[in-house]
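Q: 3D model of this:
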Amino acid sequence: MPARKGLSLALAGAAIACSQNPAPTGWLAPPRVAQSDPYGAWIVVWLPAGPEVAGEFLAVGPDTVFVLPPDGDVRAVALDSIEGALVALYDAQWGGLAGWTTAGALSTISNGWFSALTFPLWIIGGSLITGGQSRAPLRRVRSAADWSVVRMFARFPAGLPPDLPRTLPPKERRRAPP
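A: Predicted coordinates:
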């Protein structure tokens, strides 16, 4: 019974260690593709007096952040009205690491009584690595200085073009291979 409880706690810890990416499934590109993706990162902007604004990170100006939500209408959000933001740069693809952690933990059954040591090591080490990988593409914006750091992940890092229409077609999601 204690072993089952330990396994349950270890698996729950592994699940909690992973951070949920806020972008819709298939919207973000994998790391190598994201380097040349002409679109901006996914951004979630939290406002104290209203719902959050989420979508493609278009640009940040001296006093405004521009976001393209899935509906296609460009939203301008004043910097001084923002409580915080989260920018998701790419799809971390941490599922493979979670799979290897699970396989490694299950393989410790062949270790005999040493599995009392190796099983927790697989769970702890794998959870730490998987959790770190799941949080790698996320950048938090908490202050005005942070906007200069994440600016380069916008579609228009130099600022919004003056002739940009106020309605744009949203980025198409990638489809999983058949």
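Q: In the chain, spot the helix with the most residues.
A: The single longest helix within the chain, with elements called by DSSP state H, is helix 115-135.
Q: for this protein, longest strand please?
A: Determined from DSSP state E, the single longest strand within the chain is strand 53-60.
Q: Return the list of helices and strands in contact with that strand.
A: Helices and strands touching strand 53-60, by 3 or more CB pairs under 8 Å, 6 or more residues apart in numbering; DSSP states H and E, are strand 42-46, strand 64-68, strand 75-78, helix 144-150. Quick note: C-beta positions are derived from backbone N, CA and C, even for glycine.
Q: Can you check which of those gets nearest to Gly112?
A: Nearest of the helices and strands packed on strand 53-60 to Gly112, taken as CB to CB: strand 42-46 at 47.0 Å.
Q: Buried residues, that closest one. List them.
A: Trp42, Ile43, Val44, Val45 (16 or more other CB atoms under 10 Å).
Q: Mind giving me the packing neighbours of that strand?
A: strand 53-60, strand 64-68, strand 84-88.
Q: Okay, angle between the longest one and strand 64-68 too, please.
A: Angular relation of strand 53-60 and strand 64-68 on a 0 to 180 degree scale: 120 degrees, by axes from the mean of the first three to the mean of the last three CA atoms, to 10 degrees.
Q: Now do the SS call for Met152.
A: helix (DSSP: H, G, I helix; E, B strand; the rest coil).
Q: should've said Tyr90
A: Tyr90 is classified as coil under three-state DSSP.
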